[in-house]
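Colleague: Just to be clear, the model below is a prediction. Sequence and coordinates:
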2 protein chains.
Amino acid sequence: MSQIPYKIYLSEEELPKAWYNLRADMKNKPAPLLNPETHQPMTAEELKVVFCDELVRQELDETTPYVEIPQEIRDFYKMYRPAPLIRAYCLEKKLGTPAKIYYKFEGNNTSGSHKLNSAIAQAYYAKQQGLKGVTTETGAGQWGTALSMACSYFDLDCKVFMVKCSYEQKPFRREVMRTYGASVTPSPSMDTEVGRRILEKHPGTSGSLGCAISEAVEVAGKTEGYRYVLGSVMNQVMLHQSVIGLETKTALDKYGVKADIVIGCAGGGSNLGGLIAPFMGEKLRGEADYRIIAVEPTSCPSFTRGVFAYDYCDTGMVCPLQKMYTLGSGFIPAPNHAGGLRYHGMSSTLSQLYDDGLMEAVSVSQTEVFEAAEYFARIEGILPAPESSHAIKVAIDEAKKCIETGEEKTIVFGLTGTGYFDMYAYEKFHNGVMENYSPTEEELAKGREGLPTV
Amino acid sequence: MSQIPYKIYLSEEELPKAWYNLRADMKNKPAPLLNPETHQPMTAEELKVVFCDELVRQELDETTPYVEIPQEIRDFYKMYRPAPLIRAYCLEKKLGTPAKIYYKFEGNNTSGSHKLNSAIAQAYYAKQQGLKGVTTETGAGQWGTALSMACSYFDLDCKVFMVKCSYEQKPFRREVMRTYGASVTPSPSMDTEVGRRILEKHPGTSGSLGCAISEAVEVAGKTEGYRYVLGSVMNQVMLHQSVIGLETKTALDKYGVKADIVIGCAGGGSNLGGLIAPFMGEKLRGEADYRIIAVEPTSCPSFTRGVFAYDYCDTGMVCPLQKMYTLGSGFIPAPNHAGGLRYHGMSSTLSQLYDDGLMEAVSVSQTEVFEAAEYFARIEGILPAPESSHAIKVAIDEAKKCIETGEEKTIVFGLTGTGYFDMYAYEKFHNGVMENYSPTEEELAKGREGLPTV
């Protein structure tokens, strides 16, 4: 076996030609989406009002294990993929751990994260269907940037509703989206019914992801030739993001490396679902075993402190109900929390796997995440996004355990992106004014109040 | 010959093991550095007061063609190199040009540019010499970030003097440097004699690179165990940056591709000198011919409107005199100019080559640079730094000429970095408030007034 390089880059020929649909190997399938009014399973026809036709097909397809990646998408992937699988030699040495640490780095593209993997797919299907444009929401801004890039490539219009506090705190993110020709509206806005309703009820609100989703869905529904697209939670997104895990697995296999632990940060689940897909697939088929760990912030602990129930995906309650680990669509994460991972719910696929005991979840506090981020940046060079740093923190913890036990475990984690647009949060950390937050039991109970009775 | 992929990544084994010293192949060597007081050639002993011993040796070595890259530096390079050589298939298609366009992308590291290539080398030699720390200046912030990363890796203290207007306009750059443990001082500052003198003479000045250099040199000279390092202009920097060109050449050779035109942006010359090194070497040795084009901003046109003369490198006139194309150290580039490339002078090696007619130079205006940048971002995905976009503009111009002539020329340009920390400039461009600027003849004459008589 040849020496493992610092960075494993697959050749173009080795890139995945099909996405992997994890649901095909799940015995317990994720519960179906329900119509928010009738509480009956959503039909394809109903979903097609909101989503592109092919994406609806992908959303509902629980049986096809591999879905071919269209050539146009594969060509686009070639512009920024393969993402390197990096052997963290320097980190291992600094820690003095016998563990072997690898991370899949998805930050080498202008969107700064893995989000582009699904954005380009969704834009492609929208174009194929002859649509004029798409609408979406963005929180920290990575998804909005990714979609702007994808729409620019296929010459589609792109309307982004950006959570107001991010719109104001991250003017440069907004400017990147404008560079790619997208229109960016702070949410809640006066452009939609739901936005006007929320502004009336909560004047001066800084917005939320749930609210921005409702606005984007409303505009898509009302505008001829538009559909709504989104960057996480949905099964279609998990499908596209499987490219992360497939590349990772191919790179490890190429060097005869077997992972022991796979770690990813979890907001809505897009990166985690993509990264773990082929590993979880082997686990489901009984071919191999892995410890799989989801890492979430203590301030928004869907897995570790949420309930497994049907819930609304958005504040306006216009989206289908999903059965998922949720804090309730009324739960509002602490405003001082930096970056993404602020969504109240979680991918229904991942929720089902977690409920079936096939993966673990841990929550970590904000300051320990930034400590890990800075430590990692100084050793491995890459300045990580706050979201990604949740996975770094737990990977380091696991590597430290190996020092005690002497075990040479192979740890693989997902480094979803870079923190170049999160320096405001780093500044707070440097200045010692970053606070940690865990919701109280009362706050969690309040969040669950609005759960629908299904 | 196999199909050329979108991105050519060399393997670790193919990475350069030695830097290439272009001066060894130059018949007309660059003129020697002069002592600013005596106007006699600087001796190694004199230079060692300011620079690390080994770097002085490299600075003065005109005859050794290859300098081995120490293993520790090669290990660090492996963390972020090879930089990909990207075939701009999408750009070619969009332009409809028969030209083949390649670009060497140096932005896939946290410093966001090629500057890290020399920063790590300089930090390494400082560490080898047993120094405690280094001082430097930074303008746009890329060099300061790169040096912070390098010093953090070798556990060296790093004091950065950041041009005040950048310090204020780019707080996030400053925060990245702090993440790597550097101290960042806005320049001019009250910490140095030269800073106090300048502030007294020009209260409220927004600073300049020349002034920040003087401050950094002064502090290095006064502080036990410190030396000054810098990110461009010097021969040692050209040497380290040759890694860019060497990788580029190896990647092209691997696929049997012969470049016709090599294009790079030029501020102090660090990227341009590195990129063109092996191509110019072949040209000097009569082995091959290339058109080599330096691109500079109309607002700071050292090559195209400067004079070839000995000049001061810094405002405080404490650095050695260099013979170079210069606008005069008293020349002040338009404050509205975005990004780097604002230095009044130019690498003496490149100046000599230009004076010998071995390369061309063109200047381009700010708005046409940003038009090219946005066009490129939408097609190739990467959001380029304003500096890099100067090269993009001219590469596109050359590719368009090929449409007219039908020539299938191979164009290679250097994409030195990303523009993530330049969104303020992009915003001005989007809002239509970006202005172009060319100095008048009177302004140029005024800049030349302070030229020393040598």
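Modeller: Happy to help now that I have it. All figures in this text were calculated on a predicted structure; none of them were measured in a lab.

Colleague: got the contact list for stretch A:110-119?
Modeller: Stretch A:110-119 is contacted from outside by A:77, A:80-81, A:83, A:106-107, A:109, A:142-143, A:145-147, A:149-150, A:176, A:229, A:231, A:236-237, A:240-241, A:243-244, A:270-271, A:274, A:385, A:387, A:414, A:416-418, A:420-421, B:377, B:381-383, B:418, B:420, using Cβ atoms under 8 Å, 6 or more residues apart in numbering or on different chains. In short, each C-beta sits where N, CA and C put it, glycine included.

Colleague: for stretch A:32-49, that is, sorry about that
Modeller: By Cβ under 8 Å, 6+ apart, stretch A:32-49 touches A:56-57, A:59-60, A:221, A:310, A:312, A:317-322, A:348, A:452, A:454.

Colleague: Give me the subset of the residues you listed lying in helices.
Modeller: Counted as lying in helices by DSSP state H, out of the contacts of stretch A:32-49, are A:56, A:57, A:59, A:60, A:221, A:348.

Colleague: returning to what we had before: looking at the contacts of stretch A:32-49, which one is closest to chain B?
Modeller: Within these, the smallest distance to chain B is 26.8 Å, found for residue A:59 (Cβ to the nearest Cβ).

Colleague: That closest one: what's it in contact with?
Modeller: So residue A:59 contacts A:33, A:47, A:51, A:234, A:235, A:236 (Cβ under 8 Å, 6+ apart).

Colleague: ranking those by neighbours, who comes first?
Modeller: residue A:234 (29 neighbours; other Cβ atoms under 10 Å in any protein chain shown).

Colleague: What pLDDT does the model give the residue lying closest to that residue once chain neighbours are set aside?
Modeller: Nearest non-adjacent residue to residue A:234, counting by Cβ to Cβ, 6 or more residues apart in numbering or on different chains: residue A:59, 6.1 Å away. At residue A:59, the model reports a pLDDT of 97.

Colleague: Please apply the same query to the one 10 residues further on.
Modeller: We have a pLDDT of 98 for residue A:69.

Colleague: likewise residue A:211?
Modeller: In this prediction, residue A:211 carries a pLDDT score of 89.

Colleague: Residue nearest the middle of chain A, spatially speaking?
Modeller: In chain A, the centroid-proximal residue (Cα atoms, centre = their mean) is residue A:270; its distance is 3.1 Å.

Colleague: Can you tell me how far it is from chain B?
Modeller: Counting by Cβ to the nearest Cβ, to the nearest Å, the gap from residue A:270 to chain B is 19 Å.

Colleague: Now do the buried residues in stretch A:212-222.
Modeller: A:212, A:213, A:214, A:215, A:216, A:217, A:218, A:219, A:220 (16 or more other Cβ atoms under 10 Å in any protein chain shown).

Colleague: residues contacting residue A:121?
Modeller: Residue A:121 makes contacts with A:69, A:73, A:236, A:240, as judged by Cβ under 8 Å, 6+ apart.

Colleague: Recalculate using a threshold of 7 Å.
Modeller: A:73, A:240 (Cβ atoms under 7 Å, 6 or more residues apart in numbering or on different chains).

Colleague: ok so, going back, kindly indicate which of the buried residues of stretch A:212-222 lies nearest chain B.
Modeller: Nearest member of those to chain B, counting by Cβ to the nearest Cβ, is residue A:212, at 21.3 Å.

Colleague: Any idea which residue of the stretch 351-454 of chain A lies closest to chain B?
Modeller: residue A:423 (3.6 Å).

Colleague: Need the nearest residue in space to that residue, chain neighbours excluded.
Modeller: residue B:172 is the one closest to residue A:423 (Cβ to Cβ, 6+ apart), at 3.6 Å.

Colleague: Repeat that for residue A:289.
Modeller: Residue A:289 sits nearest to residue A:283 (Cβ to Cβ, 6+ apart), 6.0 Å away.

Colleague: shouldn't the one you found be in contact with residue A:277?
Modeller: No - the criterion here is Cβ atoms under 7 Å, and residue A:283 misses it with residue A:277 at 10.7 Å.

Colleague: who has more neighbours, those two?
Modeller: Remark: of residue A:283 and residue A:277, residue A:277 carries more neighbours, 25 against 20, as counted by other Cβ under 10 Å.

Colleague: ok, that one - contacts?
Modeller: With Cβ under 7 Å, 6+ apart, residue A:277 has these contacts: A:20, A:22, A:242, A:245.

Colleague: For the stretch 251-400 of chain A, which residues are neighbours of chain B?
Modeller: A:374, A:377, A:378, A:380, A:381, A:382, A:383 (Cβ under 7 Å from any Cβ of the partner chain).

Colleague: Residue B:403: which of these is nearest?
Modeller: The closest of these to residue B:403 turns out to be residue A:382 (Cβ to Cβ; 39.7 Å).

Colleague: tell me the secondary structure for the closest one?
Modeller: Residue A:382 falls in the coil class when you classify it by DSSP: H, G, I helix; E, B strand; the rest coil.

Colleague: Show me the shaky parts of the stretch 251-400 of chain A.
Modeller: Residues of the stretch 251-400 of chain A meeting the criterion pLDDT under 70: A:336-339.

Colleague: how about the strands of it, start to end?
Modeller: Taking DSSP state E, counting those that start in this stretch as the criterion, the stretch 251-400 of chain A carries its strands at A:261-265, A:291-297, A:307-311, A:322-326, A:360-364.

Colleague: Show me which residues of the last one are buried.
Modeller: Read that as strand A:360-364. Within strand A:360-364, the residues scored as buried using 16+ other Cβ under 10 Å are A:360, A:361, A:362, A:363, A:364.

Colleague: tell me what that strand is packed against?
Modeller: Identification of packing neighbours for strand A:360-364 by 3 or more Cβ pairs under 7 Å, 6 or more residues apart in numbering or on different chains; DSSP states H and E yields strand A:291-297, helix A:302-305, helix A:386-405.

Colleague: report the angle between the axes of it and strand A:261-265?
Modeller: Per axes from the mean of the first three to the mean of the last three Cα atoms, to 10 degrees, the angle that strand A:360-364 makes with strand A:261-265 is 50 degrees.

Colleague: what's the angle from strand A:360-364 to strand A:322-326?
Modeller: Angle between the axes of strand A:360-364 and strand A:322-326 is 50 degrees (criterion: the same axes, to 10 degrees).

Colleague: Now strand A:360-364 - C-alpha only, PDB.
Modeller: Provided in PDB are the C-alpha atoms of strand A:360-364 (Å, rounded to 0.1, in the frame of the first residue of the first chain):
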ATOM      1  CA  GLU A 360     -25.300   8.800  18.000                       C
ATOM      2  CA  ALA A 361     -25.700  12.500  18.700                       C
ATOM      3  CA  VAL A 362     -23.800  14.900  21.000                       C
ATOM      4  CA  SER A 363     -24.200  18.600  21.600                       C
ATOM      5  CA  VAL A 364     -21.300  21.100  22.100                       C
END
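
Colleague: Now do that strand: everything it contacts.
Modeller: With Cβ under 7 Å, 6+ apart, strand A:360-364 has contacts from A:291-298, A:301, A:303-304, A:354, A:390, A:393-394.

Colleague: Can you give me every residue that contacts the closest residue to residue A:291 other than its chain neighbours?
Modeller: With sequence-adjacent residues excluded and distances taken as Cβ to Cβ, 6+ apart, residue A:291 is closest to residue A:261, at 4.5 Å. With contacts taken as Cβ under 7 Å, 6+ apart, residue A:261 has the following neighbours: A:290, A:291, A:293, A:398, A:409, A:411.
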